[in-house]
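Engineer: Test case, fold it:
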Amino acid sequence: MDKIIEGKKITVNEEGFLKDFSEWDKSVAEAIAAEEEIVLTPRHWEVLEYLQEQHKSEVALSIRRIGKSGVLDIKEFYQLFPKAPLKTATKIAGIPKPASCI
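Structural biologist: Got it, this is the predicted structure:
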């Protein structure tokens with residue numbers, strides 16, 4: 001399904017995850033974050049970049065793996081992305097929902 005974000009037509013699935021990462025940019029991320037009631041800080045961007053790198057490396061993402069990453073601990077992850085942190089963060093990062101998310 002198509003969705004207009006920041007004046008751009010973006011293809012998303014039924015849960016709002018981008019189907020094509022090439023349609024992602026920082027303005028799209030900001031708009032998705034606003035829908036999730038999150039204002040992105042430099043720390044959020046660090047985490048989003050980490051998630052994108054892991055996805056490109058085909059690493060399966062999970063809360064436990066992120067907690068052990070050394071990038072941030074689970075407590076901080078929940079502070080940055082309070083509602084369903086992994087699902088929300090990957091949606092904002094423009095990458096597919098991890099299999100570990102319900």
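
Engineer: now the strands: where do they sit in this protein?
Structural biologist: Under the criterion DSSP state E, the chain contains strands at 2-5, 8-11.

Engineer: So for Val59, what's the nearest residue that isn't a sequence neighbour?
Structural biologist: Arg65 (7.3 Å; Cβ to Cβ, 6 or more residues apart in numbering). Where C-beta positions appear, they are placed from N, C-alpha and C, glycine not excepted.

Engineer: How many residues are close by that neighbour?
Structural biologist: Neighbour count for Arg65, taken as other Cβ atoms under 10 Å: 14.

Engineer: show me the contacts for Lys83.
Structural biologist: Counting by Cβ atoms under 8 Å, 6 or more residues apart in numbering, Lys83 makes contact with Glu36.

Engineer: Low-confidence ranges, the protein, go.
Structural biologist: 102 (pLDDT under 70).

Engineer: centroid residue for the protein?
Structural biologist: Thr90 (2.4 Å; Cα atoms, centre = their mean).

Engineer: which residues of this protein fall in helices?
Structural biologist: Taking DSSP state H, the helices of the chain run over residues 26-35, 42-56, 63-67, 74-80, 85-93.

Engineer: Report the buried residues of the shortest one.
Structural biologist: It stands for helix 63-67. Neighbour-count burial for helix 63-67 flags 63, 66 (criterion: 16 or more other Cβ atoms under 10 Å).

Engineer: Mind listing residues that contact that helix?
Structural biologist: Applying Cβ under 8 Å, 6+ apart, the contact partners of helix 63-67 are 59, 72-74, 77, 85-86, 100.

Engineer: Of the residues you listed, just say which sits nearest to Phe17.
Structural biologist: Closest approach to Phe17 among the contacts of helix 63-67 (Cβ to Cβ): Leu86, at 12.2 Å.

Engineer: That closest one against Leu61, yeah?
Structural biologist: Yes. Counting by Cβ atoms under 8 Å, Leu86 touches Leu61, with 6.4 Å between them.
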